[in-house]
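Engineer: sequence and predicted structure are below.
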Amino acid sequence: SGGVDFEGVAAVQELLKVMRTIDDRIVHELNTTVPTASFAGKIDASQTCKQLYESLREAHASRDRVIKNCIAQTSSVVKQLREEREKNLDDLTLLKQLRKEQTKLKWMQSELNVEEVVNDRSWKVFNERCRI
């Protein structure tokens with residue numbers, strides 16, 4: 001599972017926040033070190049662009065892994081709780097636990113959408129700066 005504790009939503013949120021700062025740094029670097037198209041002839045930006053491309057790809061892939069691992073793990077917990085719930089319909093503790101896990105699952109799935117927005121923004125800046 002990559003050594004991440006999926007119990008605490010707050011912990012995963014914090015982890016993703018930290019992991020997403022990489023995009024902010026790369027966007028900043030693109031804006032400061034890679035000149036706009038008008039200067040592109042004077043500076044060889046291709047090396048910088050290559051490195052930043054790799055960094056972005058790596059960052060996006062690792063966040064994707066974290067989120068998808070969380071989703072897979074939580075999905076199996078939800079499935080298990082659902083099965084138990086069918087056998088014990090009057091167990092309220094079980095119902096509460098199931099609802100909590102379902103909420104966590106919904107949150108994680110929405111993180112995939114957040115990820116898409118963050119990634120799109122980064123690639124947009126990358127493509128503007130690195131049209132080489």
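Structural biologist: Done, it's in. Numbering: from 1, shown residues only.
Engineer: chain center to whichever helix or strand residue 86 is part of: distance?
Structural biologist: Counting by DSSP states H and E, the element that carries residue 86 is helix 46-87. When distances are taken as C-alpha atoms, centre = their mean, to the nearest Å, helix 46-87 is centred 7 Å away from the chain's centroid.
Engineer: can you check the pLDDT for residue 90?
Structural biologist: With respect to pLDDT, residue 90 has a value of 89.
Engineer: look at it and tell me its secondary structure.
Structural biologist: Taken by DSSP: H, G, I helix; E, B strand; the rest coil, the conformation at residue 90 corresponds to coil.
Engineer: by contact count, what packs against the helix holding residue 86?
Structural biologist: Using 3 or more C-beta pairs under 8 Å, 6 or more residues apart in numbering; DSSP states H and E as the contact criterion, the secondary-structure elements in contact with helix 46-87 are helix 9-33, helix 92-129. Glycine gets a C-beta too; all of them are placed from N, C-alpha and C.
Engineer: pLDDT (mean, whole number) over that helix?
Structural biologist: Mean predicted lDDT for helix 46-87 stands at 92.
Engineer: tilt between that helix and helix 92-129?
Structural biologist: Inter-element angle recorded for helix 46-87 and helix 92-129: 160 degrees (by axes from the mean of the first three to the mean of the last three C-alpha atoms, to 10 degrees).
Engineer: re earlier: adding mean neighbour count and distance to residue 70, write the helices and strands packed on helix 46-87 out as CSV.
Structural biologist: Putting these into CSV (neighbours: other C-beta atoms under 10 Å; distance: least, C-beta to C-beta, whole Å) gives the following:
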stretch, mean neighbour count, distance to residue 70
helix 9-33, 14, 6
helix 92-129, 15, 5
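Engineer: and these: which comes nearest residue 58?
Structural biologist: Across the helices and strands packed on helix 46-87, the minimum distance to residue 58, taken as C-beta to C-beta, is reached by helix 9-33, at 8.5 Å.
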